[in-house]
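J.: here is my input; please provide its structure:
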Amino acid sequence: MDNPIQTDFIRWIVFLPLIGAMVNGLLGAKIQKSMGKGAISMIACAPVVIAFGLSLYAFFILKGLEPEKRFLTDNLYRWIDLGALKVDMAFLVDPLSAVMILVVTGIGGLIHIYATGYMHDDNAFWRFFAYLNLFTAAMLILVLGDSLLLLFVGWEGVGLCSYALIGFWYTDHNNARAGNKAFIVNRVGDFGFVLGMFLLFWSLDAQGHGSLTFRDMIKWAPSLQSQTIWGYSVVTVATLFLFVGATGKSAQIPLFVWLPDAMAGPTPVSALIHAATMVTAGVYMTARMNVFFSMAPFTLHVIAVVGVVTALVAATIALTQYDIKKVLAYSTVSQLGYMFIGVGVGGYAAAIFHLMTHAFFKACLFLGAGSVIHAMHHEQDMRKMGGLKIWMPITFSTFFISVLAIAGFPPFAGFFSKDEILWLAFTSPHGNKLVWVLALCGAGMTAFYMFRQLFMTFYGPCRADHHTQEHLHESPPVMTMPLVVLAVGALFAGFIGLPGVLGGSQFAHWLEPVVHAHEEGHASHALEWGLMAISVAVASFGVFITYLMYRRESLSPEIFANLAGGFFYRLFDRKWYFDEVYQVVFVNGTLLLARIGALFDQYIIDGIVDGSASLTRFISWLNGLFDLYIIDGIVNAIASITFGIGNMLRRVQTGNINSYLYGILIAVVVAIIVKIRYWS
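T.: Just a heads-up that it's a prediction; the model follows:
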């Protein structure tokens, strides 16, 4: 990586969506009025499709190189040159970022095309696509930046765009509030990211190697092995801070609460956030910084614990949801937990593999949900659906394939990627058998709630009202064709990462120049086959219970809902009371502090100010008296005495020469008498 190949086309992978955002953002209203929404669609979709073509071109260039030389760079200019901090505006394509740009531009492009149909009736069509293009450009900056600082620019960019897109229908208070929630919660995580980034820079600079460029940081990472801060390893503290940023962006406990509320935005936004962009940023960052995370075993342990707890908690919440998009939202949180389990057990390649396969089936699920919502006149409650496979065969077929993929059934993509993570949790030196058991339970719950959603939405009698049933129809081709392409990916994408028992993962081999290969314990193929069988059996059991409850209806869901007096159902339905706790502790706590501050300001600060004003007025009054009767009295008295004496002496000046002579004579006589009397 010391001498990456210089190119000048990578910048256009970023610039093309950025240009689309600028044109639609600045001129979109006029273009839409004069040329129609078709022109807006072309301006928005074409740059992303072309960027996908350039991403494929970069991928094939890398593929033709030897593994250790698979690095392309595009250096635009020196961005920051301040003391030891020198950062270029430069983009890097290596095996890791190549996977990411293919996901962002490929799946993002399909979502753009789908959105032209879904958002066709919206008056702010041009504004929506300006934001969508900007979102894509920001994510591309994040994954292509060749320094941690440039990655952070894209990191903040996707945060800003998510705020704009989640609250796109800002006239609705709930939408605006959801956008604010996403923005504020992510600021908490981003603060941790900043601390981690500059702690690493400061520590490397102390060794004389200060840099935020990935290749320099990785080169000098071993120099931090013995450095400490606050009695702890610098690398451990820095990676924990970076992981705080990842918990915000990738919706892990305790900062996951914004992601389900993000469903308030248009469905294509949900698909883009959950599948191809923002929430994958934290997983990508940990994989990009894998050298540092591998130097911090304690951080990896924390990541694995947070990942498995998040996967379980989100899965339990999804069991009780009835909003078709909320089920998928908590599913995303849970699947991100699996990705962080992969990171926590040292399987960075496995985490990125699941990120890639998840992008296909989760985008297909969200867009399928959008197709259902579009047909149901924006109804999202699954209790008012049912039997839709009759009217929507393409949506149903693609949705079904994606459900099988996320539930982990072979040969669908989710089976291979999730099974790889479970395998590493069981066999890796960083793994833990308890983590494996809990992750396996989460997999069973995933199969349950996803097939619950499938049965409630597409099977049984239609529970929609008569008017809605009369207008049920399949979505137009501009919406269904992306579903078909994504379903194909959900079916076949897993074959690029076959497990070791079937020949080994080509995907992990592809990432080796950037991502350290995971460590596996000594395990037989029989054990691997056995663990795969257990995984499929657990998922099958989840599907079987769902079938009995929601298809045959021979097992009542109330039986489970009433366990322990309904405690667990209430707990899961209320999302483990995270929102309520945060409302009381942080929101109400902040408001309480604000009210205390207002009272302090009113009674203490204002009292001091008012008292000071009164004291000032009293002093001013005293000053007036002193000035009037003392200063002016002395001045006026001296003036009066001087004037009186002068007035008396003035009378001596008579102008009569005889008077002056008499005066002189008297003075001489007095002088003689005094002389004789006192000085003789």
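J.: quick one: what helix or strand has the nearest residue to Leu144 once chain neighbours are set aside in it?
T.: Spatial nearest neighbour of Leu144, chain neighbours left out: Phe91 (4.2 Å); criterion: Cβ to Cβ, 6 or more residues apart in numbering. No exception for glycine: its C-beta is placed from N, CA and C like everyone else's. Per DSSP states H and E, Phe91 falls inside strand 85-93.
J.: give me the distance from the helix or strand following that strand to the chain's centre.
T.: Sequence-wise, the next helix or strand beyond strand 85-93 is helix 95-118, with elements assigned using DSSP H and E. Using Cα atoms, centre = their mean, to the nearest Å, the mean C-alpha position of helix 95-118 is found 19 Å from that of the whole chain.
J.: and if you look at stretch 667-678?
T.: Mean-position distance between stretch 667-678 and its chain equals 110 Å (Cα atoms, centre = their mean).
J.: cool, and stretch 46-57?
T.: On the basis of Cα atoms, centre = their mean, stretch 46-57 is displaced by 25 Å from the centre of the chain it belongs to.
J.: same check on stretch 359-377?
T.: With Cα atoms, centre = their mean as the basis, stretch 359-377 stands 23 Å off its chain's centre.
J.: same thing with stretch 596-603?
T.: 35 Å.
J.: with stretch 525-540 instead?
T.: Centroid separation for stretch 525-540 versus its chain: 35 Å, with Cα atoms, centre = their mean.
J.: just want the angle from the helix or strand Gly370 falls within to helix 95-118.
T.: Counting by DSSP H and E, the element that carries Gly370 is helix 348-375. Helix 348-375 runs at 0 degrees relative to helix 95-118, counting by axes from the mean of the first three to the mean of the last three Cα atoms, to 10 degrees.
J.: can you give me the strands in the protein?
T.: All strands of the chain, identified by DSSP state E, fall at 5-6, 72-82, 85-93, 228-229, 232-233.
J.: ok, and what's touching the first one?
T.: Outside strand 5-6, the residues that touch it by Cβ atoms under 8 Å, 6 or more residues apart in numbering are Leu65, Lys69, Phe71, Leu72, Thr73, Asp74, Asn75.
J.: contacts only, for the closest residue to the last one other than its chain neighbours.
T.: Think Asn75. Nearest non-adjacent residue to Asn75, counting by Cβ to Cβ, 6+ apart: Ala90, 4.2 Å away. With contact taken as Cβ under 8 Å, 6+ apart, Ala90 is in contact with Thr73, Asp74, Asn75, Leu76, Gly145, Asp146, Ser147, Leu150.
J.: any idea what the fifth one is bridged to?
T.: Spelled out, it's Gly145. Listed beta-bridge partners, Gly145: Phe91 (assigned using DSSP bridges).
J.: what is the neighbour count of it?
T.: By the criterion of other Cβ atoms under 10 Å, Gly145 has 27 neighbours.
J.: for the residue nearest to Asn75, give its distance to Ala51.
T.: Between Ala90 and Ala51 the computed distance is 18 Å (Cβ to Cβ, to the nearest Å).
J.: where does the stretch 201-350 of the chain have low pLDDT?
T.: For the stretch 201-350 of the chain, applying pLDDT under 70 flags no range at all.
J.: quick check: chain neighbours aside, which residue is closest to Ala29?
T.: Nearest to Ala29 is Trp126, by Cβ to Cβ, 6+ apart, at 5.8 Å.
J.: in this structure the one you found contacts Ala39, no?
T.: No - judged on Cβ atoms under 8 Å, Trp126 makes no contact with Ala39 at a distance of 9.3 Å.
J.: still on that earlier bit, what are the buried residues along the strand holding Phe91?
T.: Of the residues in strand 85-93, those with enough neighbours to count as buried (16 or more other Cβ atoms under 10 Å) are Lys86, Val87, Asp88, Met89, Ala90, Phe91, Leu92, Val93.
J.: same check, this time on stretch 392-406
T.: 392, 394-406.
J.: excluding its backbone neighbours, what's nearest Gly245?
T.: Spatially, and ignoring its direct neighbours in sequence, Gly245 is nearest to Phe193 (2.8 Å; Cβ to Cβ, 6+ apart).
J.: actually, Leu195.
T.: Nearest residue to Leu195, sequence neighbours excluded (Cβ to Cβ, 6+ apart): Phe241, at 4.4 Å.
J.: next up, the contacts around that neighbour.
T.: By Cβ under 8 Å, 6+ apart, the contact list for Phe241 reads Gly192, Phe193, Leu195, Gly196, Leu199.
J.: quick one: contacts for the closest residue to Gly167 other than its chain neighbours?
T.: Of all residues not flanking Gly167 in the chain, Gly179 sits nearest, at 2.7 Å (Cβ to Cβ, 6+ apart). Contact partners of Gly179, counting by Cβ under 8 Å, 6+ apart, are Ser162, Tyr163, Ala164, Leu165, Ile166, Gly167, Tyr170, Ala264, Gly265.
J.: how far off centre is stretch 59-75?
T.: With Cα atoms, centre = their mean as the basis, the mean position of stretch 59-75 lies at 30 Å from the chain mean.
J.: buried stuff in that stretch?
T.: Buried residues in stretch 59-75, counted by 16+ other Cβ under 10 Å: Phe59, Ile61, Leu62, Arg70, Phe71, Leu72, Thr73, Asp74, Asn75.
J.: same question, stretch 638-651
T.: So, applying 16+ other Cβ under 10 Å, stretch 638-651 has no buried residues.
J.: now pLDDT and distance to Met35 too, for the contacts of strand 5-6, in TSV please.
T.: Shown next, in TSV, are the contacts of strand 5-6 (pLDDT from 0 to 100; distance: Cβ to Cβ, whole Å):
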residue	pLDDT	distance to Met35
Leu65	89	44
Lys69	89	46
Phe71	91	42
Leu72	93	37
Thr73	93	39
Asp74	93	33
Asn75	92	38
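J.: circling back to that earlier point, state the number of residues packed around the residue nearest to Ala29.
T.: 25.
J.: same check, this time on the one 3 residues further on
T.: Applying other Cβ under 10 Å, we find 28 residues neighbouring Phe129.
J.: pretty sure it sits against Val23.
T.: No - with contact defined as Cβ under 8 Å, Phe129 does not count as touching Val23 (9.8 Å).
J.: in contact with the spatially most central residue of the chain, which residues?
T.: For the chain, the residue nearest the mean C-alpha position is Lys249 (3.3 Å; Cα atoms, centre = their mean). Lys249 sits next to Trp155, Val158, Gly159, Asn186, Gly189, Asp190, Met278, Val279, Ala281, Gly282, Met285 when contact means Cβ under 8 Å, 6+ apart.
J.: who wins for neighbours among the residues you listed?
T.: That'd be Trp155 among the contacts of Lys249, by other Cβ under 10 Å, with 30 neighbours.
J.: isn't that one right up against Asp190?
T.: Yes - between Trp155 and Asp190 there is a contact under Cβ under 8 Å: 7.1 Å.
J.: any residues in contact with both of the two?
T.: In contact with both Trp155 and Asp190: Gly245, Lys249, using Cβ under 8 Å, 6+ apart.
J.: in this structure, which segments are predicted with low confidence?
T.: The chain contains residues with pLDDT under 70 at 1-2, 503-505, 517-523, 564-565, 649-656, 658-660, 662, 678-680.
J.: could you pick out the longest helix of it?
T.: With secondary structure taken from DSSP state H, the chain has its longest helix at helix 173-206.
J.: who's in contact with Pro461?
T.: Contacts for Pro461 were tallied using Cβ under 8 Å, 6+ apart; they are Gly386, Gly387.
J.: actually Asp465, not the one I wrote
T.: Lys384.
J.: 10 Å - rerun?
T.: Residues near Asp465 by Cβ atoms under 10 Å, 6 or more residues apart in numbering: Met376, His377, Glu379, Lys384.
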